[in-house]
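**Q** Need a 3D model of the sequence below.
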Amino acid sequence: NGYEKLLNGNRVGLFVGVSQSQSQTKVVPIGTITVRSVIVHTTGGFIGTYMQNIYDNFIINSALAVGYESHNRARLIVDRMTPSDQLGDRMSEGKYDSIYMTPSLTIIRSFDQKNGIKFRPSLYLQYSHSYFNSYKEIKSIYSNLSVKIDGHNTRMFGGRLQLAGVKVLGDINNGGEIEIRTGIKYRHHDDNGTVLTIPQTNPPSKVSYDIIGENNIFGGYIGSNFTYTFKDDFNITADIEYGRSAGNEKNVSGNLSFNIPF
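**A** Residues are numbered from 1 along each chain as shown. Okay, here's the model as predicted:
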């Protein structure tokens with residue numbers, strides 16, 4: 001949901017919403033079964049503001065969002081303290097919360113062609129700062145082992161360099177566009193180190209590690225977008241994207257949205 005207003009020819013708005021996602025690692029074989037080593041289910045809410053400025057054939061979009069998320073995390077433990085006649089590989093579980101702040105900037109250049117065709121190269125930049133609170137992992141079933149993860153900060157800077165081809169649809173009363181896009185992407189991760197504590201030892205054992213494995217990640221993507229606005233300003237948008245990055249990272253995303261002004 002949101003509110004938008006024209007201010008000196010520029011679009012300015014506020015938005016609020018909820019989100020839900022799930023991330024998981026690749027399936028790995030453990031004995032006679034296959035499991036995912038980490039699964040994280042996330043729900044949350046966010047609020048933010050944005051502005052769109054148009055200068056001739058340039059479009060500049062800027063935004064700032066802040067949000068809260070709740071995470072449920074399952075992690076594979078290879079449990080060698082289990083009796084030999086029982087499977088010693090189990091999933092430990094943990095629940096924790098986080099808050100984040102994300103500013104972003106997009107610069108788009110539009111080149112108009114014949115028959116409603118447009119080419120739109122663009123540059124997208126984003127920075128994100130998140131704080132994750134401390135939490136305890138529920139023990140694995142047999143080893144009676146539980147650990148405490150200290151609160152920590154993470155930072156991410158990312159960018160996308162994109163080229164899109166657009167076909168304009170309809171007329172002044174009912175109109176929209178179909179977009180096909182491709183591009184390259186980059187992101188850099190940084191964190192202040194995470195401390196893991198095993199309270200069962202005397203004194204408690206502490207291990208410090210970086211939660212991000214690969215700090216610099218490059219990749220590419222392709223995607224498509226369809227948007228259509230009817231004469232009463234009712235708007236529908238559909239989007240889908242597939243991407244791959246270094247380290248055999250793959251992602252598929254899609255969304256369908258409706259905008260009804262009142």
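**Q** Name the helix or strand for the closest residue to residue 226 other than its chain neighbours, please.
**A** Of all residues not flanking residue 226 in the chain, residue 238 sits nearest, at 4.8 Å (CB to CB, 6 or more residues apart in numbering). (C-beta placed from N, C-alpha, C; glycine too.) Mapping residue 238 onto the secondary structure by DSSP states H and E places it in strand 235-245.
**Q** mean confidence score for that strand?
**A** For strand 235-245, the mean per-residue pLDDT is 95.
**Q** Now do it: which elements does it pack against?
**A** Using 3 or more CB pairs under 8 Å, 6 or more residues apart in numbering; DSSP states H and E as the contact criterion, the elements in contact with strand 235-245 are strand 216-229, strand 249-259.
**Q** Figure out which of those strands is closest to residue 21.
**A** In this view, these are compared for proximity to residue 21 by CB to CB, and strand 249-259 is the closest at 9.3 Å.
**Q** What helices and strands are in contact with that closest one?
**A** For strand 249-259, the contact count by 3+ CB pairs under 8 Å, 6+ apart identifies strand 235-245 as packing neighbours.
**Q** Buried residues of the strand it packs on, list them for me.
**A** Neighbour-count burial for strand 235-245, counted by 16 or more other CB atoms under 10 Å, picks out 239, 241, 243, 245.
**Q** How about stretch 123-132?
**A** The neighbour-count check on stretch 123-132 (16+ other CB under 10 Å) flags 124, 126, 128, 130, 132 as buried.
**Q** swap in stretch 37-54?
**A** Neighbour counts over stretch 37-54 (16+ other CB under 10 Å) mark 37, 39, 40, 44, 46, 48, 50, 52 as buried.
**Q** Narrow the residues you listed to those in helices?
**A** Secondary structure of the buried residues of stretch 37-54 is defined by DSSP state H; no position falls in helices.
**Q** least confident pick among the buried residues of stretch 123-132?
**A** Within these, the minimum per-residue pLDDT falls on residue 132 (89).
**Q** so where's this structure uncertain?
**A** Per-residue confidence of the chain (counting by pLDDT under 70) places the weak regions at 26-36, 77-90, 139-146, 172, 192-202, 204-214, 262.
**Q** How much space separates the residue nearest to residue 226 from residue 169?
**A** 13 Å (CB to CB, to the nearest Å).
**Q** my guess is residue 154 contacts residue 130, does it?
**A** Yes: proximity of residue 154 to residue 130 meets the contact threshold set by CB atoms under 8 Å, at 5.0 Å.
**Q** Quick one: the strands in the stretch 1-150 of the chain, in order.
**A** 2-7, 10-24, 27-30, 33-36, 38-55, 58-78, 89-109, 111-112, 117-132, 135-138, 148-149 (DSSP state E, counting those that start in this stretch).
**Q** closest to residue 181 out of these?
**A** Across the strands of the stretch 1-150 of the chain, residue 181 has its closest neighbour in strand 117-132 (8.3 Å, CB to CB).
**Q** elements contacting that closest one?
**A** In terms of contact count using 3+ CB pairs under 8 Å, 6+ apart, strand 117-132 is assigned the packing partners strand 89-109, strand 111-112, strand 152-170.
**Q** would you turn these into a markdown table with distance to residue 9 and mean neighbour count?
**A** Below are the helices and strands packed on strand 117-132 laid out as a markdown table (distance: least, CB to CB, whole Å; neighbours: other CB atoms under 10 Å):
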| stretch | distance to residue 9 | mean neighbour count |
| --- | --- | --- |
| strand 89-109 | 17 | 16 |
| strand 111-112 | 20 | 11 |
| strand 152-170 | 22 | 16 |
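**Q** State the distance from the most centrally placed residue in the chain to residue 5.
**A** The structure's the chain has its C-alpha centroid closest to residue 21; by CA atoms, centre = their mean the separation is 8.4 Å. For residue 21, the distance to residue 5 (CB to CB) stands at 30 Å.
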